[in-house]
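Asker: Sequence plus predicted model, see below.
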Amino acid sequence: MKLYNTLTRKKEEFVPITPGEVKMYVCGPTVYNFFHIGNGRTFIVFDTIRRYLEYRGYKVKFVQNFTDIDDKMINKANEEGTTVKNIGDKYISEYYTDADALNIERATVNPRATEFIDDIIDFVSKLIEKGYAYEVDGDVYFRTKKFEAYGKLSGQSLEDLQMGASNRTSSAADERKKDPMDFAIWKAQKPGEPAWDCPWGKGRPGWHIECSCMAKKLLGETIDIHAGGMDLAFPHHENEVAQSEALTGKTFANYWLHSAYVNVNNQKMSKSLNNFLTARDALEKYDSDVIRFLMLSAHYRVQLNFSDDLLESAKASVERLYNAVANLENLIDEVKKEKMDAEEENYLKSLDVYRQRYIDKMDDDFNTADAITAIFDLIKDINTNVSIDSSKELCEKALELI
């Protein structure tokens, strides 16, 4: 099995840390609203990859977090006149409603950032002790340049990043940093914000530190696969690498997987373009299998267009699958012959080529697009060669293959 590793920018053989087991962390939603179809693609893609790893015999510990303390959540709570916790509780429940509707398997663990505050404080304290972080009036910043490998995940040089950070320095918070590239890992409390006691006064964690801490706590200092949307590669995942490896001195994740963006009607999804679409909006118009089929009809690293025309095409494809299954189920009830003869046994063996083709495509960096083609080629073959004259056993075995 080969995976495209964002860190090395090439396909690599997948070798898990522990034979037969996979420790996988996927960045989940910030729970201040319904998740949109771009998030939906990420969740569907890595749900499929998790299922395939299990199909291939791996025991997968799959962690997907909820960010439940964040500027967006604080703003949402203020708008609605409620608490950040209430906002988190509400939209975690809504996440499960939509994810379940999309047939996304529940994670092994869905940790909430606010459940790990003590661990995060300990993580930040140790970074300060090691000289990788410093405190300014209750805020704590990570010394980016001290981590010499910074930029290795996104493929950017320190010089280019320094220039970009210098051009962005504008706010009072930026001016308090010792270097424009430094980023906040703990934020001092502002009036009306939720906060926790810590050695630097009251405050709350920064976004990036949350995932580093939860991954370490739940999966260990080095994990097999860290994944998420392509938009998270920089700065979120880059910062996770820096924090985690600065603390432990070990590789944080051996393989980094990133799913590509979703466009809507060939345009970038944006509220200003009036094409922002939540998963719930999509589910009101289309069956979950149709949405999943469209999301998997392109390789996960290829940008996907989400449109009514393509959804209608996906619907027709899914119906072909349904019909193939229904035809075999009907044949099982109608055929007269019970057991396969030698000719049918040979025919059944010939169908193994499709299973192997499917495995070969999925083993090649989870190429769902070509794997789907193998499934439809199998259906065409079965539709042509399995009939009312076939045996019940052959119909059952063919149905198992689909």
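Answerer: Perfect, thanks for sending it.
Asker: Please count neighbours and contacts with C-alpha atoms only from this point.
Answerer: OK.
Asker: what about residue 323, how many neighbours?
Answerer: Residue 323 has 13 neighbouring residues, counting by other CA atoms under 10 Å.
Asker: ok, now residue 202?
Answerer: So residue 202, with other CA under 10 Å, has 17 neighbours.
Asker: mind listing what it touches?
Answerer: 138, 188, 189, 195, 196 (CA atoms under 8 Å, 6 or more residues apart in numbering).
Asker: likewise residue 269?
Answerer: Taking CA under 8 Å, 6+ apart as the criterion, residue 269 is in contact with 262, 263, 275, 276, 277.
Asker: In a helix, the third one, correct?
Answerer: No - under DSSP: H, G, I helix; E, B strand; the rest coil, residue 275 sits outside any helix and is assigned coil.
Asker: low pLDDT regions in the chain?
Answerer: Within the chain, the ranges that satisfy pLDDT under 70 run 163-174.
Asker: From the contact counts, what lies against the longest helix anywhere in the chain?
Answerer: Counting by DSSP state H, the longest helix found in the chain is helix 308-334. Contacts defined by 3 or more CA pairs under 8 Å, 6 or more residues apart in numbering; DSSP states H and E place helix 308-334 against helix 288-296, helix 368-385, helix 392-401.
Asker: For that helix, which residues meet the burial criterion?
Answerer: 311, 314, 315, 317, 318, 321, 324, 325, 327, 328, 331, 332 (16 or more other CA atoms under 10 Å).
Asker: And stretch 138-157, end to end?
Answerer: 30 Å (CA to CA, to the nearest Å).
Asker: can you list the residues that contact that stretch?
Answerer: Contacts of stretch 138-157 (CA under 8 Å, 6+ apart): 6-8, 124, 127, 132-135, 158, 161, 177, 179, 181-189, 200-203, 233-234, 237-239, 241-243, 246.
Asker: Just name the most buried of the helices and strands packed on helix 308-334.
Answerer: Each of the helices and strands packed on helix 308-334 was scored by mean neighbour count; the highest is helix 288-296, a mean of 22, by mean count of other CA atoms under 10 Å.
Asker: Measure how far the direction of it deviates from that of helix 368-385, in degrees.
Answerer: 120 degrees (axes from the mean of the first three to the mean of the last three CA atoms, to 10 degrees).
Asker: May I have helix 288-296 as PDB, with CA atoms only?
Answerer: Included here for helix 288-296 are C-alpha records, laid out as PDB according to Å, rounded to 0.1, in the frame of the first residue of the first chain:
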ATOM      1  CA  SER A 288     -26.500  10.500   1.300                       C
ATOM      2  CA  ASP A 289     -25.200   7.700  -1.000                       C
ATOM      3  CA  VAL A 290     -25.400  10.100  -3.900                       C
ATOM      4  CA  ILE A 291     -23.400  12.700  -2.100                       C
ATOM      5  CA  ARG A 292     -20.800  10.200  -0.900                       C
ATOM      6  CA  PHE A 293     -20.500   8.800  -4.500                       C
ATOM      7  CA  LEU A 294     -19.800  12.200  -5.900                       C
ATOM      8  CA  MET A 295     -17.300  13.000  -3.200                       C
ATOM      9  CA  LEU A 296     -15.400   9.700  -4.000                       C
END
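Asker: Roughly how far does residue 156 sit from residue 193?
Answerer: 35 Å.
Asker: How about residue 85?
Answerer: Per CA to CA, residue 85 is found 11 Å from residue 193.
Asker: Also residue 103?
Answerer: 36 Å.
Asker: How far off centre is the one helix or strand residue 117 maps to?
Answerer: Residue 117 is part of helix 117-129, with elements assigned from DSSP states H and E. Offset of helix 117-129 from its chain centre (CA atoms, centre = their mean, to the nearest Å): 26 Å.
Asker: Identify the residues contacting the following helix or strand past that helix?
Answerer: Following helix 117-129 in sequence order, the next helix or strand is strand 133-136 (DSSP H and E). Identification of contacts with strand 133-136 by CA under 8 Å, 6+ apart yields 124, 127, 128, 140, 141, 142, 143, 176, 200.
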